[in-house]
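Colleague: after the sequence you'll find the predicted model.
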Amino acid sequence: MKPQDCPSMTEVRTEIDRIDRALVDLLSERWGYVDRAWQLKSSPAEATVPWRIQEVIDKVRAHAEEGGMPPSLAEALWRQIIGWGIQYEEEKLGSK
């Protein structure tokens, strides 16, 4: 159902809950790749790859803008996700 087709807050909340479940599923899938990434690296220094971070942010901002989402909001969310991934990789690589 599209947002404009929701006749009440009940439908809006139902759709938000549906999307939240899908987002968690997708983020869980993404996290699986983060978990694999550290296994393919050899040192904590490899966890932070500035050019790749910028590449991801640029793509996310462009996609957000195309979809009608504020690019700054998408960037803030992704910087947090990326930061958690880097921290996780550094911890795993440090104990490797």
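Modeller: Everything's here; your move. All figures in this text were calculated on a predicted structure; none of them were measured in a lab.
Colleague: can you give me the offset of the helix ranked longest in the chain from its chain's centre?
Modeller: Taking DSSP state H as the criterion, the chain has its longest helix at helix 9-39. Here helix 9-39 is found 9 Å from its chain centre; the criterion is C-alpha atoms, centre = their mean, to the nearest Å.
Colleague: next secondary structure after that helix?
Modeller: Of the helices and strands lying after helix 9-39 in sequence (DSSP states H and E), the nearest is helix 50-67.
Colleague: for the helix or strand following that following helix, buried residues please.
Modeller: Later in the chain than helix 50-67, the nearest helix or strand by DSSP H and E is helix 71-94. Buried positions in helix 71-94, judged by neighbour count with 16 or more other C-beta atoms under 10 Å: 71, 74-75, 78, 81-82, 85-86, 88-90, 92-93. Just so you know, the C-beta spots here come from the backbone N, C-alpha and C atoms, and that holds for glycine as well.
Colleague: which one of those residues is nearest to residue 14?
Modeller: Nearest to residue 14 out of the buried residues of helix 71-94 is residue 74 (C-beta to C-beta; 24.0 Å).
Colleague: nearest spatial neighbour of the closest one, chain-adjacent residues omitted?
Modeller: The shortest distance from residue 74 to any non-neighbouring residue, by C-beta to C-beta, 6 or more residues apart in numbering, is to residue 64 (3.5 Å).
Colleague: contact partners for the one you found?
Modeller: 70-71, 73-75 (C-beta atoms under 8 Å, 6 or more residues apart in numbering).
Colleague: let's go with 7 Å and repeat that
Modeller: By C-beta atoms under 7 Å, 6 or more residues apart in numbering, the residues touching residue 64 are 70-71, 74.
Colleague: ok, residue 19 next?
Modeller: Not one residue lies near residue 19 by C-beta under 7 Å, 6+ apart.
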